[in-house]
Structure formats: structure tokens, C-alpha cells
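Visitor: Would you be able to build a 3D model of this:
(chains A and B)
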Amino acid sequence: MLSQGLRRAVSLLTSRTLVRRQLSARIVDATYVELQPDKAGATTLTFPGVWLRDNCRCPTCFHSSSQSRQLDWNQFDASVRPLALHMDAAQQQLHVRWSDEHESSYTLDWLRQRSFDASSQRSYLDDFYRPRTRHWAGAEFEQIAQRFNYDQVMSEDEPLQHWLQALAVYGVALLNGAPLDEGVVRRLAERVGFIRRTTYGEEFIVQAKPGAKNYAYLSLPLPLHTDLPYYEYKPSVNILHCMVQTKSRGGSNLLVDAYHIADRLREEHPQDFERLSRTLVDWNDIGSEDGREFHNIWRAPVICLDAAGGYTRINHSVPQRDSHFNVPLDQVLPWYESYARFVQLARADAYSFKTQPGDVLTFNNIRLLHGRTGYDDTEQNSRYIVGAYLDWDIIYSRLRVLKKRSASSSSSSSSGSSSSSGPTASAS
Amino acid sequence: MLTNNSSSTSCVQVSRDLQQQLVLLRLSLDSPALQFPEIWLRDNCQCNVCYMQQTRSRLPHGWNYLDPTVRLLQLSWCTERKSLQIVWSDGHKSSYALSWLKERDFSHANRARYLRDSYRPEQRLWCGKEFQLIQREFLYDDLLHNDETLLHWLHHLAVYGLALVRQAPLEANVLRDLCNRVGFMRSTTYGDEWSVKAQPGASNYAYLAEPLPLHTDMPYFEYKPSITLLHTLQQSDSPGGWNLLSDAFYVAELLRQRYPGAFKVLSETPVDWADIGSEKHLKFHNIWRAPVINLDANGRYVRINHSIPQRDSHFSVPAEQVRPWYEAMALFIRLANEQACTFKTTPGDVLTFDNVRMVHGRTGYDDTDQNVRHIVGAFLDWDIAYSRWRVLKTDLGHYNK
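Guide: Residues are numbered from 1 along each chain as shown, chains lettered A, B, ... in the order given. Below is the predicted model:
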């Protein structure tokens, strides 16, 4: 942790030294603004003129208390061009005069943080936007599963940040030492942001209920699945607080990184991967909660990809897959064959462990499959888990705020200068 | 197999398509046979070893060992129980009721019917000039007490993306009562309900009296709130404060037809949408990267993102893609403005619209000491709204079964 902070501080220091040397600015192809250090080998920064004009920082174009753009886009001229540049070395500012008669100024720090250089953009996306995920096989679980102390996460920012970072990268993290009261999941969720509510309410209790309307509320074995695949806006992270664990042999947790299973299919069984990422499946849930009926349906593949082929979501639940299957007849049997392979690979890879009272298991419900083995309650020993969900939108926001805070405290303590307000993702 | 000819309705013929591994069910001589893949029938066996009636779901353990090579050994039709009987190569026996099978027939027409009637209704896109034709008003009291009206409102909102609720009381609990009637409110960083009132030092641009150009709410969330509800408590007496609304799916369709280059750029270039601030001591820094026009794998519209204040100055694309994007965006905004309808809500109105699809805005206004424009807003999610729509359709008998 220290070395990371140090490296960041050093990169800020070197970028300041670099700034003290002269930078020259020029207009390229009538539309780009290029900043060139006079030292050979240093990175040239190139900014599209229209982007600079759109992001003018003057009070007419930018509203500072809401931190947002306010220039009148109904009048915006997308063919606007820079006419003249002036580099103010003392103020560390670039001044631009535009073809629409406007004038703008930008600090070099601000520009450097928004560099269009590919590696800067990559590090902004990987370090600040959303950490890059690392996929793991079940056998690697003990190496990748990080454990945090509940009280420290609740009271200190650094453990909080590390917990959320581990959850983002590996999709699973454990907290221990939580008190055995029902308020834990809410306090933990509110430490991050707020609970994501679903049809089943905010907190939910997983306890054997013989007449339950939801399959998870039975003591039978619960095969691997993701929660609520029948929502377009599926809850992101599962928080499961173990208050009473069963003394019977069962009740173990099963976890699988389904992105790892998808990687294997892509590699070893490309046809299965293709079918599972293209065939739309009807996921559903019909029932009632607190006297209110619901009928949820969402159609999506088992493996969901973005336009670049990256994973965005896994859907899998045998009970919550609808008997309605809205695909052409000839796709049905091939899909079943591929799906059986997916289930078989996932089952073989599942890591099994048993949480203890005071443990809070947190995992990414978009990515991991989870399940549990069956168990037997007795009158003296009745397994009792309290759960809640958090959304990634809210978690990533919190993680960014924490990262900015730790970056600015480490830079101000080492360089003594005023820190920039933006994230430190500049090219160094 | 065909024996009983006492009446034409009970005369059901069952057969197999061995090559495609299908079971065919012919209900009458003049209609096409219902078609079912054998593996799907095995997967959806309704017996109590395979299916749990209490949870209305497939029992999961069989699937851990599902054998996709399972074969059908015997097939028959039971006229008495009106059900299909099957014996499988794994020794299992299944039985399926005719009504259950008819509902799940794999024909193209039946699948299209199911998607339209049960999944999500087909959306109708509209241009600014059609506003008067598609505009519908619902009375608040009817919505709270009449299920038919509630269903009609949700259906209209799903199909056209816009509906106006009138004669709501000027009370604080209106949006909560309306949302609870559907399901529950969607919470965001800004809480459950939020107040839109001019606040000179506001940290959100919408909380100023300036003109608010067309936008979608909260494009910086992956899970963007679906339906915006705006309850007018006090309207501005000044000439401003008009609502602007435009069907951005229609605007996207215009682009697709007339400016395919711009359409491609706006549907493929990821944009950084952001919101930085704090609410009730919780600091936030929200970012979501996505194009303006979002398409599914079949090229259908799934979401529009647009907000000038909430577009980040970070733009994480190669520099050469920047200028073409700006040119396409300027075109999108010009078309969206051209297609906007305008109206001014009055106190007691609740404006409801699809925030995933529509862009909305308002003209600037001036408050006075006696007249302070005041709107209360809240969100609902489509997951919850469509669930309610399906339950109401079932309860009210709107399915043709």
C-alpha cells in the first residue's frame, strides 16, 4: 500500500518538474491543439479543438457549483476551430481564442488528466472508472479471497476501500467479526451508500420455511445460480450475514467465478460459448410477497457481452428459467447441449466453504454463481442468514470518492502542494 | 393414433418429427400442428419430482445431471385428461395439459403473441406533430382505485413513453402513493423523492431556474432509473417553465434513415457520463460509459443517454473519433429539438414518462416572492412496472386464453 502511494506521489512530483520546463503549444491540421515539451522523448499531448471548446471552463460555459457544463448546445458549432494559442508558463495555463470569438483557459493539470493518449485513457478506465476484473478457478479461491475486519471497515476508510476494490476485482470478499444482530447488513450497505430494494424488500432472511414461495427459502440443496436474473436491472452485489450456522453437515456455501467458466468455454468450446452468448432465455419469477403479486420476466442470454466482447453479466437459475422459451425450434436442442456443458463445468469448479456466525460474505451477483448444500435444522439450531443487495453504480461511486481522497492526502503529504481536484490518472 | 371422432375439438393427433426431435400436436385438420422440442418437454416436466407447484418453479437438482441426449420412448394422447403422455429413456414419465402446451407452442406467431402480450408491449414511436394524437390523460383518483385505469396508464406509458396524470392533490405523499400502487419507488443518490425548485447555489444543474435543455435523467448510472414522475405543486406565473419532451427513439430512427453515418457514430462511440457532488453528506462520483443510442444485439433501441451538463470532460476515445462524434451529436440535438412537443403542466398534474427513451427539458422561468415554481419528482423501474402490468392483465382477464 505504501509503495503504491509513494509511486503516485512520485509521478505527481515528476509531472510538476516537467511542467516547469517550457511547453510549447501549436495548432495542427487547423483543428487539433498539440502541447509539446521541449525535451525529447517526453509525451506530446494532443487535444481535439472541438472537445476543448465544449469543455471551456469559463463561468458562461461551465457551472462550477454543480461541476457541470452549461454552454448553450442549441447554438453549438461543431466546426469551431482554434485561431490562436498562448501558453502561460507562470500560471501553468493554456489560453485559446476560437473561431466563434470565445476565449478559453485550461490549466495544464486539468489537461494532463484528460489526455487522449491511449495508455492514459486505459489507466483512467482501469484504475478509476472500474477496476479491471481478474478471473479465477475454484482451486485458487483461498489465494484470491480477501478477508477484512468488520469493525475496521465500518470505522476506517482504507479497509473500506480495499474491501470494495477486492470485490470489484475478484467478485468476492469476506468480512469477519460482525456482531450477531440483524442491523449489520443495513449498516454495512449504508457505509457504502444504500440498499438496493427488490420485489422481496430491502433486507431478506434466508431461513428454512417449509411453505415458502421462493425456492431459496427451503432447506433443500440450492444448486448454483445467480439471484434475480429476471430483472433487467439485476441487483449487483449480494451481502449475506451469517447469524446462525447449521451444526448439521450441510449448509456450506458454493461459489464459482462464472467469468472463468465463460473464458474456458470461449477457449475450449467456442460453439457452446457462441450459443450461450446469443440465445435469449426467458428468466421469470411469479409469486407474491407481503400480499402483493408479481410477475417478473427478463429475456437475456446466459453469457451477456458488450459490443467489444467483454462480459457484462451472467444469468443462471434453474428454478427461475421460464418454461416459455421464445426461440426458433432449431435453436432449442443445441442450446440445451451447450447449457448442460456450462452447468457441468461450473459444478466441477465450485469452491465450497462454510461461513461462521459473524461472517459476512459479499460477492458480485452479476458475475459469480452461488449455491449451498442442503441442511437440517433442529429446534435448538436453525440456520439464519440476513441478506441485502448493493448496486455497482453506488459501490463504484464510493470507491472513486475514496480513491480521490487517499490520492490527494498522499500527494499533499509528500509534495506539500495543493492537490488537484480530479482523479490522478495522468500519464507519468 | 386418431380414433375418437365424436367431436372435432377432442380429435387431437400426436406425432413426432424424428429428424428435428419434435413432438407435433394437431388440434384440428385446418390448423397447423403445435410444435415442441423433445428436450424442452423433458426439461419442463410438470410432475412433483421435477416441478414445485408451491414456488411455481423447476426443481433444480435434476439439472445438475441433465443429460441432453435423453430420448423419447413412448408418446400418447389422453383424451379424458386432455393431456400429452410421454415415457423417456431415463425411465421418467411426464404428462402435459393441453392448455399449458397451447400457451407455449413454438410457432413464430405464438411466440410473437407471447412477447407482445406478456413480456413487453410493442413500442410506437412518434414525432412532435403527433403529440396531440398520442397524448392521454388519467385521473389520479382513478389510478389509485381502479385497476383498469392503472393498467391502461402503464400500458400507454410502455407503448408511447408519455402519459399525463391529472387532478392529484397538492400533497406531499402523491408520488409515493402512486409508486406504491405500482410497486415501489426507485431510490437513487438523490434519495427517493426530490424537489425541483430554483436554488441559486445548487449542486445539480436541474435545481436552477435557467432553461434546462433536453436530456435524460441520470445517464451516469448503469442502472438508469426507468420512469420519471414529476408532480407540479406550484407552477411559474412567468412566461417560462414550459415542459419540452421528445421521443428520442423516433429521433434515432430519423437518424438511422436519413443520416446513417451519424447514427453509426452515436450508437458506437462510448461517452463518459458523470455526476460529481454530494447529497446528505454522502459524496458521490458516478460514471457510466455508454453511447448516446444504445442498441441490443438485433439493433433495437434499448436506451438513450443524453445530458449536456452530465457529460464528463473526460472522453475516453481515440482523438480522431472526437470530431465526428461532435458533428453527429449536434445533429441529434437539432433533430430532438425539432421533434419536441411543448406544454405547461398546472398544479395537480403528474407528468410521467419513460426516462430510458424520452428526452425532456424545460424553458427558463422567473420566481417571485409570491410565486415559486415547485415540482416534486420520483422514479419507478420498468422491471417493477412491467411486473405490475402483467399481474393486472392476468387478474383482469386481458389475456385471450
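
Visitor: So what pairs up with whatever residue of the stretch 51-200 of chain A ends up closest to chain B in the strands?
Guide: Residue of the stretch 51-200 of chain A nearest chain B, by Cβ to the nearest Cβ: A:Ser68 (3.4 Å). From N, CA and C alone the C-beta is placed, and that goes for glycine too. Residues in a beta bridge with A:Ser68, per DSSP bridges, are A:His63.

Visitor: from memory it sits against A:Phe62, does it?
Guide: Yes. Judged on Cβ atoms under 8 Å, A:Ser68 makes contact with A:Phe62 at a distance of 7.4 Å.

Visitor: Settle it for me: which of these two has more neighbours?
Guide: A:Ser68 (23 against 18; other Cβ atoms under 10 Å in any protein chain shown).

Visitor: mind checking how far that one is from A:Ile195?
Guide: A:Ser68 is 28 Å from A:Ile195, where distance means Cβ to Cβ, to the nearest Å.

Visitor: what do you get for B:Asn180?
Guide: When distance is defined by Cβ to Cβ, B:Asn180 is 18 Å away from A:Ile195.

Visitor: quick one, which of the two is more surrounded?
Guide: Neighbours per residue, other Cβ under 10 Å: of B:Asn180 and A:Ile195, the larger number sits with A:Ile195, 22 against 13.

Visitor: can you tell me which residues contact the more buried one?
Guide: A:Ile195 sits next to A:185-186, A:189, A:202-203, A:388-390 when contact means Cβ atoms under 8 Å, 6 or more residues apart in numbering or on different chains.

Visitor: Quick one: residues in contact with the longest helix along chain B.
Guide: Longest helix of chain B, by residue count under DSSP state H: helix B:322-338. Residues from elsewhere that reach helix B:322-338 (Cβ under 8 Å, 6+ apart): A:31, A:48, A:50-51, A:54, A:73-74, A:76-79, A:116, B:128, B:213-214, B:246, B:248, B:251, B:254-255, B:259, B:261-263, B:265-266, B:269, B:271, B:292, B:306, B:315, B:317, B:359.

Visitor: ok, now with 7 Å
Guide: A:31, A:48, A:50-51, A:54, A:73-74, A:76, A:78, B:128, B:214, B:246, B:248, B:251, B:254-255, B:259, B:262, B:265-266, B:269, B:292, B:315, B:359 (Cβ atoms under 7 Å, 6 or more residues apart in numbering or on different chains).

Visitor: Same check on stretch A:288-303?
Guide: Contacts for stretch A:288-303 (Cβ under 7 Å, 6+ apart): A:199-201, A:213, A:229-232, A:262, A:273, A:276-287, A:311, A:314-316, A:322, A:326, A:339, A:342, B:119, B:383, B:387, B:390-391.

Visitor: From the residues you listed, list the buried ones, please.
Guide: Those of the contacts of stretch A:288-303 that meet the buried threshold are A:199-200, A:213, A:229-232, A:262, A:273, A:276-277, A:279-287, A:311, A:314-316, A:322, A:326, A:339, A:342, B:119, B:383, B:387, B:390-391, by 16 or more other Cβ atoms under 10 Å in any protein chain shown.

Visitor: Among the contacts of helix B:322-338, name the buried ones.
Guide: The neighbour-count test (16+ other Cβ under 10 Å) applied to these identifies A:31, A:48, A:50-51, A:54, A:73, A:76, A:78, B:128, B:214, B:246, B:248, B:251, B:254-255, B:259, B:262, B:265-266, B:269, B:292, B:315, B:359 as buried.

Visitor: dump the residue contacts of A:Pro159.
Guide: Listed by Cβ under 7 Å, 6+ apart, the contact set of A:Pro159 reads A:148-149, A:152-153.

Visitor: Narrow those to those in strands?
Guide: Mapping these onto strands (DSSP state E) picks out A:148-149.

Visitor: and the longest helix of chain B, which residues are buried?
Guide: Using 16+ other Cβ under 10 Å as the burial criterion, the residues of helix B:322-338 that qualify are B:322-333, B:335-337.

Visitor: Test my guess that A:Gln207 contacts A:Tyr384.
Guide: Yes. Counting by Cβ atoms under 7 Å, A:Gln207 touches A:Tyr384, with 5.4 Å between them.

Visitor: which one of those two has more residues nearby?
Guide: Taking other Cβ under 10 Å, A:Gln207 and A:Tyr384 do not tie; A:Tyr384 has more neighbours (19 against 16).

Visitor: That one pairs with what?
Guide: Applying DSSP bridges to A:Tyr384 gives these bridge partners: A:Val244.

Visitor: ditto for A:Asp285
Guide: Beta-bridge partners, per DSSP bridges, of A:Asp285: A:Asn296.

Visitor: That one contacts A:Arg321, doesn't it?
Guide: No. A:Asp285 is not in contact with A:Arg321 according to Cβ under 7 Å; the separation is 10.5 Å.

Visitor: Tell me which residues of stretch A:379-388 come out buried.
Guide: Those would be A:383-388, for stretch A:379-388 by 16+ other Cβ under 10 Å.

Visitor: Show me what it is in contact with.
Guide: Contacts for stretch A:379-388 (Cβ under 7 Å, 6+ apart): A:182, A:184-186, A:189, A:195, A:202-208, A:238-247, A:251, A:375, A:377.

Visitor: can you dump the C-alpha coordinates of that stretch into CSV?
Guide: Provided in CSV are the C-alpha atoms of stretch A:379-388 (Å, rounded to 0.1, in the frame of the first residue of the first chain):
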residue,chain,number,x,y,z
GLU,A,379,-35.2,-26.8,17.4
GLN,A,380,-32.0,-25.6,19.0
ASN,A,381,-30.1,-24.9,15.8
SER,A,382,-31.9,-23.1,13.0
ARG,A,383,-29.7,-21.7,10.2
TYR,A,384,-30.3,-17.9,9.9
ILE,A,385,-28.8,-15.7,7.3
VAL,A,386,-29.7,-12.0,6.7
GLY,A,387,-29.1,-10.6,3.2
ALA,A,388,-29.3,-7.4,1.3
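
Visitor: distance between it and the chain's centre?
Guide: Relative to its chain's centre, stretch A:379-388 lies at 30 Å (Cα atoms, centre = their mean, to the nearest Å).

Visitor: next one: stretch B:324-332
Guide: Mean-position distance between stretch B:324-332 and its chain equals 27 Å (Cα atoms, centre = their mean).

Visitor: Could you do stretch A:123-140 as well?
Guide: Remark: stretch A:123-140 is offset 9 Å from the chain centroid, using Cα atoms, centre = their mean.

Visitor: quick one: average confidence on the longest helix of chain B?
Guide: For helix B:322-338, mean pLDDT rounds to 97.

Visitor: Beyond that helix, next helix or strand please.
Guide: Next along the chain after helix B:322-338, taking DSSP states H and E as the criterion, comes strand B:341-343.
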